[in-house]
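K.L.:
Provided below for reference: sequence and predicted model.
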Amino acid sequence: MIGHPHREAVMVHDQDTLLTRVPSRDGTEIGYFSTGTGPPLLLVHGSLGDHTRWDALRPHLEPHFTVHAMDRRGRGASGDSPDYRIEREYEDVAAVIDSIAESAGTPVDVYCSSYGGLCTFGATSMTSNIRRLALYEAWPAIDPQQMAESPEQLKQLDDLLAKGDREAALVFAYRKVLGMSDDQLELLRSQPAWPARLAAAHTIPREARAFGQVAFDPNQANKITVPTLLLIGTESPVWGPQASEVAAALPDARIAVLEGQGHVADLMAPELVAGALLPFLLE
């Protein structure tokens, strides 16, 4: 780890929170927010948000863990670099894990969603401080080109952001890319984290492009020896069929299926996610 972490007490949604900033390998500072009591658990969010994405799930976890929710680079309490490469995100996650492990004196459990899983998959070869790993539809795709946004979709996102219309870009990503219904979108709009999603809208195209370039590597997965939980929703027809192939490549993996849930279950049904996650993490 380069340099030393800087910690300060802050208030987040009327809650006392410890904000830590740790330098990543390229010198970019990565921030993470800590609440709760118990062994360490790191949450790594996907695209379209920041650490506030976990506001619905976090209360279910805080009685059992010290929960550390990071801001991935380019948003919130974290810095950025001029040229984006997903490899920098691997280094960011590893730096945060090592910082937490050093402070806690113990390895760290990690839970990721979506693109955060790609970042964490890459980080596993850079740190030995992961105890257990849980992934909600959060691994490199078997066929990333099949799942990636089309050039036309990426151009539309680029055009909307060039006009400064972050809201339209965010809505487009949720509706056209993730297939959210109007009711689901309105629920997201009503949550306190919506402004953070708008603030991170500029990161959508770069992460979408990177997603299309990173394919699942069974040889890499075979080196992830920590116990791993793959969570999938029955309403995610693209991710579900991949889970068995991914699990087969991991030395110690199991699968949990959440009925009636899609790609953002921790937002729509946090109690269901916690019900599947906690028994695994508390083993």
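P.N.:
The structure has been received and is ready for your questions.

K.L.:
after the helix or strand of the chain with the lowest mean pLDDT comes which helix or strand?
P.N.:
The weakest-scoring helix or strand in the chain, judged by mean pLDDT, DSSP states H and E, is strand 6-12 (a mean of 58). On the C-terminal side of strand 6-12, the nearest following helix or strand under DSSP states H and E is strand 15-23.

K.L.:
so which elements touch that following strand?
P.N.:
Using 3 or more C-beta pairs under 8 Å, 6 or more residues apart in numbering; DSSP states H and E as the contact test, the elements touching strand 15-23 are strand 6-12, strand 29-36, helix 86-104. From N, CA and C alone the C-beta is placed, and that goes for glycine too.

K.L.:
hmm, try it at 6 Å
P.N.:
strand 6-12, strand 29-36 (3 or more C-beta pairs under 6 Å, 6 or more residues apart in numbering; DSSP states H and E).

K.L.:
helices of the chain, start to end?
P.N.:
Secondary structure of the chain, counting by DSSP state H: helices at 58-61, 86-104, 115-123, 144-147, 151-162, 166-172, 182-189, 194-199, 204-211, 218-222, 240-249, 265-268, 270-281.

K.L.:
tell me which residues are up against the third one.
P.N.:
Contact partners of helix 115-123, identified using C-beta atoms under 6 Å, 6 or more residues apart in numbering, comprise 44-47, 89-90, 93-94, 110, 112, 135, 138-140, 207, 214.

K.L.:
7 Å - rerun?
P.N.:
With contact meaning C-beta atoms under 7 Å, 6 or more residues apart in numbering, helix 115-123 is reached by 44-47, 72, 86-87, 89-90, 93-94, 97, 110, 112, 135, 138-140, 207, 211, 214.

K.L.:
and the residues you listed, which of them are buried?
P.N.:
Among the contacts of helix 115-123, those classed as buried by 16 or more other C-beta atoms under 10 Å are 44-47, 72, 86, 89-90, 93-94, 97, 110, 112, 135, 138-140, 207, 211, 214.

K.L.:
tell me who's in contact with the residue nearest the centre of the chain.
P.N.:
Taking C-alpha atoms, centre = their mean, the centroid of the chain lies closest to His45, which sits 2.3 Å from it. Each residue near His45 by C-beta under 7 Å, 6+ apart is listed here: 51, 53-54, 72, 113, 116.

K.L.:
please repeat the previous calculation with a cut-off of 6 Å.
P.N.:
Taking C-beta under 6 Å, 6+ apart as the test, what His45 contacts is 53, 116.

K.L.:
now His202
P.N.:
His202 neighbours (C-beta under 6 Å, 6+ apart): Leu161.

K.L.:
look up how far Leu157 lies from it.
P.N.:
10 Å (C-beta to C-beta, to the nearest Å).

K.L.:
go on, Gly38?
P.N.:
In terms of C-beta to C-beta, Gly38 sits 40 Å off from Leu157.

K.L.:
ok, now Ala199?
P.N.:
When distance is defined by C-beta to C-beta, Ala199 is 16 Å away from Leu157.

K.L.:
repeat for Pro107
P.N.:
Applying C-beta to C-beta to Pro107 and Leu157 gives a distance of 38 Å.

K.L.:
who has more neighbours, these two?
P.N.:
Using other C-beta atoms under 10 Å, the more surrounded residue of Pro107 and Leu157 is Leu157, with 23 against 18.

K.L.:
mind listing what that one touches?
P.N.:
169, 204-205.

K.L.:
low-confidence regions, this structure specifically.
P.N.:
Across the chain, the ranges flagged by pLDDT under 70 are 1-4, 6-15.

K.L.:
if you set the cut-off to 80 instead, what comes out?
P.N.:
Within the chain, the stretches with pLDDT under 80 are 1-16, 145-149, 176-179, 237.

K.L.:
who's sitting farthest from the centroid in it?
P.N.:
Lys163 (27.5 Å).

K.L.:
quick one: terminal-to-terminal distance for stretch 123-135?
P.N.:
For stretch 123-135, the first-to-last residue distance is 14 Å (C-alpha to C-alpha, to the nearest Å).

K.L.:
so that it lines up with my notes, have the first residue be 33 from now on.
P.N.:
Taking 33 as the first residue, the last one we looked at is stretch 155-167.

K.L.:
burial count for the nearest residue to Ala247 once chain neighbours are set aside?
P.N.:
Spatial nearest neighbour of Ala247, chain neighbours left out: Pro176 (5.3 Å); criterion: C-beta to C-beta, 6 or more residues apart in numbering. For Pro176, the neighbour count with other C-beta under 10 Å is 16.
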